[in-house]
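[1] take this sequence and fold it.
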Amino acid sequence: MSKKNNNRYSIWGEFDKGSTSAIRQIQEKVNLSLGGPLFKAHLTLSGFFNIDSEILEDIQRLSLKQKKILMETQSYGMKDTFFQSLYIEIEKSKSLTGLKKNLEKVLLNGNGEFFPHISLFYGLEDESIKQLVINKLPALPKEILLSKLSIARIEDDIEAWEVIHSFPLVENITVDNSLGRPI
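    Got it, this is the predicted structure:
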């Protein structure tokens, strides 16, 4: 792997099947109206970093000690930026912020900024048009379950983004989760 592309990885939080299905249905309605690129629903927890076997082991170790996080949705939101154009805002809870801080320690990166959200549309569009789309969307699920950490390879073409490793989070913390991976 070339050095140039070695830092094109992000850590995503991904969701259980029910949450993923609900988000996908909303995302499809948004993209039917706005025509943005297709991408897997996720919550970005950490930006670009270098990947190696030690990082993978550290993330796996962290996932063995990290309980799934039930996240509360706040509202639909929008900004005048490409990657935060239209999204679901997530409450910045203590458990979610703690996970972000732990990942920053493992990856030796981060600037302390954190705006938890799940993007529904990437692109630049007039605020009035995005508001019309939001007005037609269904009510948000009150809660979304973050159930795994994933490493995604980020390419210039959004539709080429790919999850290359996933680490399920645990249902309950036991004395030693490292003895066997919970299913």
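[2] quick one: residues contacting the closest residue in space to G123 that isn't next to it in sequence.
    Closest residue in space to G123, ignoring its immediate chain neighbours: G36 at 4.6 Å, by CB to CB, 6 or more residues apart in numbering. For every residue, glycine as well, the C-beta is placed using N, CA and C. For G36, the contact set (CB atoms under 8 Å, 6 or more residues apart in numbering) comprises V30, S85, F121, Y122, G123.
[3] G36 in helix, strand or coil?
    What DSSP: H, G, I helix; E, B strand; the rest coil gives for G36 is coil.
[4] which pLDDT value goes with it?
    The score at G36 is 91. That number is its pLDDT.
[5] I'd like to know how many residues surround the closest residue to P168 other than its chain neighbours.
    Counting by CB to CB, 6+ apart, P168 lies nearest to K148, which is 4.8 Å off, once chain neighbours are set aside. Close neighbours of K148, defined as other CB atoms under 10 Å, add up to 18.
[6] how about K148, secondary structure?
    The three-state label given to K148 by three-state DSSP is strand.
[7] list the beta-bridge partners for it.
    Note on K148: beta-bridge partners by DSSP bridges are E14, P168.
[8] so what's it up against?
    By CB under 8 Å, 6+ apart, the contact set of K148 is G13, E14, S63, S166, F167, P168, L169.
[9] measure the residue nearest to G123 to V163 for me?
    Applying CB to CB, to the nearest Å, the value for G36 to V163 is 19 Å.
[10] strands along the protein, start to end?
    In the chain, the strands defined using DSSP state E lie at 9-15, 43-49, 69-78, 86-90, 117-121, 143-153, 162-168.
[11] tell me the buried residues in the last one?
    When you say that, I think you mean strand 162-168. Neighbour counts using 16 or more other CB atoms under 10 Å place H165, F167, P168 of strand 162-168 among the buried residues.
[12] where's the spatially most central residue of the chain relative to K92, distance?
    Central residue of the chain (CA atoms, centre = their mean): L43, 1.7 Å from the mean position. Counting by CB to CB, the gap from L43 to K92 is 11 Å.
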